[in-house]
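*Asks:* predicted model follows, preceded by the sequence.
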Amino acid sequence: MGRLLAWLSIAAGLGLALVHAGNVFPDEGWYLYAGQLVADGGVPYRDFAHFQAPLTAYLFRFAEGDAVTGRLICLAFGLGAIGLVLDLARARDREVLVATALLLVPATYTLRWFAVAR
């Protein structure tokens, strides 16, 4: 359990660094705009074009157009997903799954940092 918390702490630290210093992801503006349209009473697909799952527009309405808040929402759900995967691997008592899942944490942030054009 201690190793799981250590890796989640590392993931959270990397995520917070990207929230404040990461490159701008090209779709961030679209997600924030969709969230604003939902906050104003719009419905995805009916009132505006939206090419993602509808939940993203409803989640991003809480960002109120703020990029940092939008990134923090993404970070919270990303950390939750990592925690669930690691807990599932641990619960199945598969050390190789835990090790693989732990390797995905830095890989995810590395791809995010370098794959987006500056």
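*Replies:* In hand now; what should we look at? What you are looking at is a predicted structure, and each value in this text was computed from that prediction instead of being measured.

*Asks:* which of the helices and strands in the chain ranks last by mean pLDDT?
*Replies:* Taking mean pLDDT, DSSP states H and E as the measure, the helices and strands of the chain show their lowest mean at helix 95-115, namely a mean of 62.

*Asks:* point out where this protein drops to low pLDDT.
*Replies:* Residue ranges of the chain with pLDDT under 70: 1, 3-4, 22-24, 98, 101-118.

*Asks:* max-length helix in this protein?
*Replies:* Secondary structure assigned by DSSP state H gives helix 67-91 as the longest helix of the chain.

*Asks:* in it, what counts as buried?
*Replies:* 69-75, 78-79, 82-83, 85-86, 89-90 (16 or more other CB atoms under 10 Å). To be clear about C-beta, it is placed using only N, CA and C from the backbone, and glycine gets the same treatment.

*Asks:* who are the packing partners of it?
*Replies:* The criterion is 3 or more CB pairs under 8 Å, 6 or more residues apart in numbering; DSSP states H and E, and the helices and strands that helix 67-91 contacts are helix 2-21, helix 28-39, helix 54-60, helix 95-115.

*Asks:* could you rerun that using 6 Å?
*Replies:* In terms of contacts (3 or more CB pairs under 6 Å, 6 or more residues apart in numbering; DSSP states H and E), helix 67-91 is packed against helix 2-21, helix 95-115.

*Asks:* gap between that helix and the chain center?
*Replies:* In terms of CA atoms, centre = their mean, to the nearest Å, the gap separating the centre of helix 67-91 from the centre of its chain is 7 Å.

*Asks:* what angle do that helix and helix 28-39 make?
*Replies:* With axes from the mean of the first three to the mean of the last three CA atoms, to 10 degrees applied, the angle from helix 67-91 to helix 28-39 works out at 100 degrees.

*Asks:* ok and helix 67-91 relative to helix 2-21, angle-wise?
*Replies:* Comparing the axes of helix 67-91 and helix 2-21 via the same axes, to 10 degrees yields an angle of 160 degrees.

*Asks:* in this structure, what residue sits furthest out from the centroid?
*Replies:* With distances taken from the mean C-alpha point of the chain and given as CA atoms, centre = their mean, the most distant residue is Asp93, at 26.5 Å.
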